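1. from the sequence below, what's the structure:
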Amino acid sequence: MTYHKREEPLKKLLIAPLAVAALALAGFVPSASGTAAVENDTMSTVAATAKCKSLTALSTVHVRKSASTKSTSLRLWYKGTKGCDIKGVDGGSYKNTCGIPSYHYWRKVNYRGTVGYVPNVCVKYS
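-> Purely as a prediction, here's the structure:
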């Protein structure tokens with residue numbers, strides 16, 4: 001019986017980090033109140049994610065800190081994977097991106113917990 005008592009606290013220690021990791025992959029981050037919230041400016045609760053407009057990347061693209069190709073890349077959004085649309089924004093011009101010679105419209109997105117900007121022509125609603 002002593003063996004099971006030692007095993008139980010270990011299971012509890014493993015469950016919390018796994019739950020946090022699963023929420024992070026889904027685009028949620030824990031808040032100070034202990035509830036999960038979507039990390040962006042228009043969807044602040046778990047319930048709001050049902051209203052998420054799903055986007056699919058048409059090619060692998062950089063998620064950037066601001067709507068400019070000169071902005072820092074926060075991460076890569078891989079071709080065929082899904083993320084959440086937040087809003088469209090006018091930004092810096094980009095050339096020869098995702099098969100388009102030149103354009104300037106961007107999408108603010110939440111991709112796997114990272115909020116940033118991608119060229120509009122590199123994603124489609126799915």
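2. from here on, contacts and neighbour counts on C-alpha atoms
-> Will do.
3. what about the protein, any weak spots by pLDDT?
-> Low-confidence segments of the chain (pLDDT under 70): 1-50.
4. check contacts around Thr60.
-> The contact partners of Thr60, by Cα atoms under 8 Å, 6 or more residues apart in numbering, come to Leu76, Trp77, Tyr78, Lys79.
5. at 10 Å what do you get?
-> By Cα atoms under 10 Å, 6 or more residues apart in numbering, the contact set of Thr60 is Leu76, Trp77, Tyr78, Lys79, Gly80, Thr81, Cys98, Cys122, Val123.
6. check contacts around the second one.
-> If I follow you right, that is Trp77. For Trp77, the contacting residues are 56-63, 83, 111-112, 114, 118, 122-123, by Cα under 10 Å, 6+ apart.
7. so Lys108 makes contact with Gly116?
-> Yes - with contact defined as Cα atoms under 10 Å, Lys108 and Gly116 form a contacting pair (5.6 Å).
8. which of the contacts of Thr60 has the most neighbours?
-> Highest neighbour count within the contacts of Thr60, by other Cα atoms under 10 Å: Val123, with 26 neighbours.
9. which residues touch it?
-> Counted by Cα under 10 Å, 6+ apart, Val123 has contacts 54-61, 77, 79-83, 85, 98, 106-107.
10. same check on Pro101?
-> Tyr94, Lys95.
11. now it: which helix or strand?
-> Assigned by DSSP states H and E, Pro101 belongs to strand 100-111.
12. buried stuff in that strand?
-> Tyr103, His104, Tyr105, Trp106, Arg107, Lys108, Val109, Asn110, Tyr111 (16 or more other Cα atoms under 10 Å).
13. out of these, who's nearest Gly92?
-> His104 (5.5 Å; Cα to Cα).
14. and the closest one, what does it touch?
-> Ala67, Ser68, Val89, Asp90, Gly91, Gly92, Ser93, Tyr94, Lys95, Pro119, Asn120, Val121.
15. let's have those in JSON lines, adding secondary structure and neighbour count.
-> Below are these laid out as JSON lines (DSSP: H, G, I helix; E, B strand; the rest coil; neighbours: other Cα atoms under 10 Å):
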{"residue": "Ala67", "secondary structure": "coil", "neighbour count": "24"}
{"residue": "Ser68", "secondary structure": "coil", "neighbour count": "20"}
{"residue": "Val89", "secondary structure": "strand", "neighbour count": "16"}
{"residue": "Asp90", "secondary structure": "strand", "neighbour count": "14"}
{"residue": "Gly91", "secondary structure": "strand", "neighbour count": "17"}
{"residue": "Gly92", "secondary structure": "strand", "neighbour count": "16"}
{"residue": "Ser93", "secondary structure": "strand", "neighbour count": "14"}
{"residue": "Tyr94", "secondary structure": "strand", "neighbour count": "18"}
{"residue": "Lys95", "secondary structure": "strand", "neighbour count": "12"}
{"residue": "Pro119", "secondary structure": "strand", "neighbour count": "28"}
{"residue": "Asn120", "secondary structure": "helix", "neighbour count": "19"}
{"residue": "Val121", "secondary structure": "helix", "neighbour count": "19"}
